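S.K.: the following block contains a protein sequence and its predicted model.
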Amino acid sequence: MILFYAFLAIAIVFVFWVIAKYNGLITLRNQVTNGWKQIDVQLKRRHDLIPNLVQTVKGQMEFEQETLEKVITARNAAISAKGIADSAEKENMLTGALNKLFALVENYPTLKSNENVKQLQEELTSTENKISFARQFYNDIATKFNIAQQVFPASMIATMFNFTPAVMFEITDAAEREVPNVNLSLKK
């Protein structure tokens, strides 16, 4: 009889452990989803600001229509992205196109001094910062979720209930990984 109660106690502890691990994985998965939704909100804001910026600079940048078209094409591709990995890739392309546009704006004194362009650039820069922070939060929580799935014995629960690892945001452009060359000498 004692053996039966010991087995029953072990079985009850095991069931509660499985429930606790399962609930922990569900909690982390929901936090990962929330992290992605926070990025999505900022990306939507970014996508809404871009047409305003392009419309504002379009008239004065008639020689740079190709750059403007690339920004709009990259924006449209980013909007149509499916899933986190696809979104990350297309958003990186959009970032590159925006960086080229901002560099060109510097060559146009009238645009550079235009209050609308300044305001839109500031809003986009602020949004880019928010996207960076949201991606950092997402990667942090996604890492916790992935670790929780991979450590033993919780990995058995994750496998049993078909949990899949979260996709991480990564730098895909090799140029972004390069260390900038900084020269602080006063010589030219």
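M.R.: Thanks, I have it. Numbering: from 1, shown residues only.
S.K.: quick one: low-confidence ranges for the chain?
M.R.: 59-64, 111-113, 171-188 (pLDDT under 70).
S.K.: got the residue ranges for the helices in it?
M.R.: Per DSSP state H, the chain has helices spanning 2-58, 65-79, 83-105, 109-113, 115-150, 154-160, 174-177. These are given in chain order.
S.K.: how far away is Asn99 from Ala88?
M.R.: Asn99 is 17 Å from Ala88, where distance means CB to CB, to the nearest Å. C-beta coordinates here come from the backbone N, C-alpha and C atoms, glycine included.
S.K.: turn the helices of the chain into TSV, including mean neighbour count.
M.R.: Below are the helices of the chain laid out as TSV (neighbours: other CB atoms under 10 Å):
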stretch	mean neighbour count
helix 2-58	14
helix 65-79	16
helix 83-105	17
helix 109-113	11
helix 115-150	16
helix 154-160	15
helix 174-177	8
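S.K.: need those helices in JSON lines with distance to Met168, can you?
M.R.: Shown next, in JSON lines, are the helices of the chain (distance: least, CB to CB, whole Å):
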{"stretch": "helix 2-58", "distance to Met168": "10"}
{"stretch": "helix 65-79", "distance to Met168": "18"}
{"stretch": "helix 83-105", "distance to Met168": "9"}
{"stretch": "helix 109-113", "distance to Met168": "37"}
{"stretch": "helix 115-150", "distance to Met168": "5"}
{"stretch": "helix 154-160", "distance to Met168": "17"}
{"stretch": "helix 174-177", "distance to Met168": "15"}
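S.K.: identify whichever of those lies nearest to Val167.
M.R.: helix 83-105 (4.4 Å; CB to CB).
S.K.: tell me the angle the closest one makes with helix 2-58.
M.R.: 30 degrees (axes from the mean of the first three to the mean of the last three CA atoms, to 10 degrees).
S.K.: which helices and strands does helix 83-105 pack with?
M.R.: Helices and strands touching helix 83-105, by 3 or more CB pairs under 8 Å, 6 or more residues apart in numbering; DSSP states H and E, are helix 2-58, helix 65-79, helix 115-150.
S.K.: of all these, which lies closest to Tyr108?
M.R.: Evaluated over the helices and strands packed on helix 83-105, closeness to Tyr108 peaks at helix 2-58, with 7.8 Å, by CB to CB.
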